[in-house]
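Student: below are the sequence and a predicted model for it; my questions follow.
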Amino acid sequence: MIKKVLLIGNSDLVIYNFRRELVERLLQEGYEVHIALPYGKKVDYLTEMGCHFVDIPTDRRGTNPIKDFVLLKKYIQCMRKIRPDIVLTYTIKPNIYGGLAAQILGIPYVANITGLGSAVENPGLVQKVTVGLYRLAFRKVDCVFFQNEENRQFFEKRRIAMGKHKMLPGSGVNLEQFQVTKYPSDDTLEFLFMARVMKEKGIDEYLETAQIMRKKYPYTRFHVLGFCEEEYETKLKELEKQGIIQYHGMQRDIRPFVEKSHCTIHPSYYPEGMSNACLETEACGRPVITTTRSGCRETVDNGRTGFLFEAKKMDQLLDRVERFIQMSNSDRERMGLNARRRVERKFDRRIVVDKYMEEIEQLTGLSKQKVFVMEEREAVQISARPQAEKIEAKV
């Protein structure tokens, strides 16, 4: 009998960009793969691979309880129709409401904490409500994967899903997709910012760094890649007119930009799970300058594969960037190659896929075993009925 796996996320990118290799492995091993998430362009690629798609719109930032209840109902309806053997959830709302739906229907489920999000990390009413929902949704969770130790400790302190915690090296990196490319010459020094353009990703610090360094070192260039989630577009265009930055908007493929760059600057203080921008940069043989923030600091071996600084500390950020500028190009290249080797050892996506397959095979095996035992008991009971009736007739 074919086993069914249901993956739930809040966007097509969550599944295609970071879980595609897991989907491929599941399909190769004969699983029937279903995905439930809002429609996006990457869904077409997933269905071409062989996935079954269920369109479930998700307001990932909304706090309307009625809409969230509707989302829960849709997940329950989806699971009742598909009857999956196991459910895999990613990001906050799928983790909570997908987890609740799986729990209500008695389906094994595995959650992935891809980051806490600011509303959950910062004390307040939203944190209390969300923690309460996590506690409810994870009462019977089979496994919770964490991408950094700080997130795991947050759950442990609140005694959520105790005994079910396991660690992953982020989402991992596809090392065949992100390969080392020739390091550029130092006629100009090209820096990248690759993230959602929002305050907590450190865009203000990056733009201030660009303004200072462009004046001091005219041969430096500063690029911005990413979708503007806040009112930054006007500011970016103005700085672009002044020749301070080059804004490239949202890019589906970052590799051509990384190839031309010398370093990625990631000044984030957002509650990351594990920074994909840092890992993908390093996989291409480029150093990273990032913060000591959880989810960022794990990606860098300070001084060897890049530089770390305290989030929001402009003096430290400027110091690290200037140190990088003053390095020889051969030392910069060596730092990038060190970064690649470290990613190969610790952040290969195959590590993540293997850990998931281990959980899936164990849990679907157990669920099938339970079904077999129940069917066997029913068969024994049915076969025993005629004999019991004969004994009653004699009496």
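Tutor: Happy to help now that I have it.
Student: and the spatially most central residue of the chain, how far is that from Lys355?
Tutor: When Cα atoms, centre = their mean is applied to the chain, the residue found nearest the centroid is Thr114 (4.5 Å). Separation of Thr114 from Lys355 (Cβ to Cβ, to the nearest Å): 15 Å. Using the backbone N, CA and C atoms, a C-beta is placed for each residue, glycine as well.
Student: assign the closest residue in space to the residue nearest to the centre of the chain that isn't next to it in sequence to helix, strand or coil.
Tutor: Among residues not flanking Thr114 along the chain, Gly273 sits closest, at 4.0 Å (Cβ to Cβ, 6 or more residues apart in numbering). State at Gly273, reduced to three classes by DSSP: H, G, I helix; E, B strand; the rest coil: coil.
Student: how many neighbours does Gly273 have?
Tutor: Look at Gly273: counted by other Cβ atoms under 10 Å, it has 23 neighbours.
Student: buried set for stretch 348-355?
Tutor: Using 16 or more other Cβ atoms under 10 Å as the test for burial, stretch 348-355 gives 348-349, 351-353, 355.
Student: contacting residues around it?
Tutor: 21-22, 25, 145, 166, 168-175 (Cβ atoms under 8 Å, 6 or more residues apart in numbering).
Student: could I get the residues you listed as JSON lines with pLDDT and secondary structure?
Tutor: As requested, the contacts of stretch 348-355 are arranged in JSON lines below (pLDDT from 0 to 100; DSSP: H, G, I helix; E, B strand; the rest coil):
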{"residue": "Glu21", "pLDDT": "97", "secondary structure": "helix"}
{"residue": "Leu22", "pLDDT": "98", "secondary structure": "helix"}
{"residue": "Arg25", "pLDDT": "97", "secondary structure": "helix"}
{"residue": "Phe145", "pLDDT": "98", "secondary structure": "strand"}
{"residue": "Lys166", "pLDDT": "97", "secondary structure": "strand"}
{"residue": "Leu168", "pLDDT": "96", "secondary structure": "coil"}
{"residue": "Pro169", "pLDDT": "95", "secondary structure": "coil"}
{"residue": "Gly170", "pLDDT": "95", "secondary structure": "coil"}
{"residue": "Ser171", "pLDDT": "95", "secondary structure": "coil"}
{"residue": "Gly172", "pLDDT": "96", "secondary structure": "coil"}
{"residue": "Val173", "pLDDT": "97", "secondary structure": "strand"}
{"residue": "Asn174", "pLDDT": "97", "secondary structure": "coil"}
{"residue": "Leu175", "pLDDT": "97", "secondary structure": "coil"}
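Student: of these, buried ones?
Tutor: The buried subset of the contacts of stretch 348-355 (16+ other Cβ under 10 Å) comprises 21-22, 25, 145, 168-175.
Student: and which of the residues you listed is nearest to Thr299?
Tutor: Gly170 (8.0 Å; Cβ to Cβ).
Student: check contacts around the spatially closest residue to the closest one that is not a sequence neighbour.
Tutor: In this structure, Gly170 finds its nearest non-sequential neighbour in Met274, 2.8 Å apart by Cβ to Cβ, 6+ apart. Residues counted as contacts of Met274 (Cβ under 8 Å, 6+ apart) are 147-148, 169-171, 295, 298-299.
Student: redo that, cut-off 10 Å
Tutor: 114-115, 146-148, 151, 168-172, 294-296, 298-299, 347 (Cβ atoms under 10 Å, 6 or more residues apart in numbering).
Student: Tyr16 now?
Tutor: 9, 23, 35, 37, 40-46, 49, 51.
Student: now neighbour count too, for those, in CSV please.
Tutor: Shown next, in CSV, are the contacts of Tyr16 (neighbours: other Cβ atoms under 10 Å):
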residue, neighbour count
Gly9, 28
Val23, 21
Ile35, 25
Leu37, 27
Gly40, 15
Lys41, 10
Lys42, 18
Val43, 19
Asp44, 13
Tyr45, 12
Leu46, 22
Met49, 13
Cys51, 20
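Student: for Ile325, state which of those residues is nearest.
Tutor: Using Cβ to Cβ, these come closest to Ile325 at Lys42, 37.1 Å.
Student: related to what we said a few turns ago, gap between the residue nearest to Gly170 and Arg349?
Tutor: For Met274, the distance to Arg349 - Cβ to Cβ - is 12 Å.
Student: got it, and His34?
Tutor: 21 Å.
Student: about what we covered before: quick one: which of the contacts of Met274 sit in strands?
Tutor: Phe146 (DSSP state E).
Student: quick one: the strands in this structure?
Tutor: Using DSSP E, strands in the chain cover 4-8, 32-37, 52-55, 86-90, 109-113, 143-146, 165-167, 189-194, 220-225, 246-247, 263-266, 288-291, 306-309.
Student: mind putting these into TSV with distance to Glu282?
Tutor: Shown next, in TSV, are the strands of the chain (distance: least, Cβ to Cβ, whole Å):
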stretch	distance to Glu282
strand 4-8	27
strand 32-37	28
strand 52-55	33
strand 86-90	23
strand 109-113	22
strand 143-146	21
strand 165-167	19
strand 189-194	12
strand 220-225	16
strand 246-247	22
strand 263-266	8
strand 288-291	6
strand 306-309	8
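Student: figure out which of these is closest to Val129.
Tutor: Closest approach to Val129 among the strands of the chain (Cβ to Cβ): strand 109-113, 17.1 Å.
Student: so which elements touch the closest one?
Tutor: Contact here means 3 or more Cβ pairs under 10 Å, 6 or more residues apart in numbering; DSSP states H and E; on that basis strand 109-113 packs against strand 4-8, helix 12-28, strand 86-90, helix 99-105, helix 125-137, strand 143-146, helix 149-157, helix 349-394.
Student: so what's the backbone phi/psi at Tyr39?
Tutor: phi -60, psi 140 (degrees, to the nearest 10).
Student: identify the residues contacting it.
Tutor: Here Tyr39 is in contact with 11-12, 53-57 (Cβ under 10 Å, 6+ apart).
Student: same thing but 7 Å
Tutor: Counting by Cβ atoms under 7 Å, 6 or more residues apart in numbering, Tyr39 touches Asp55.
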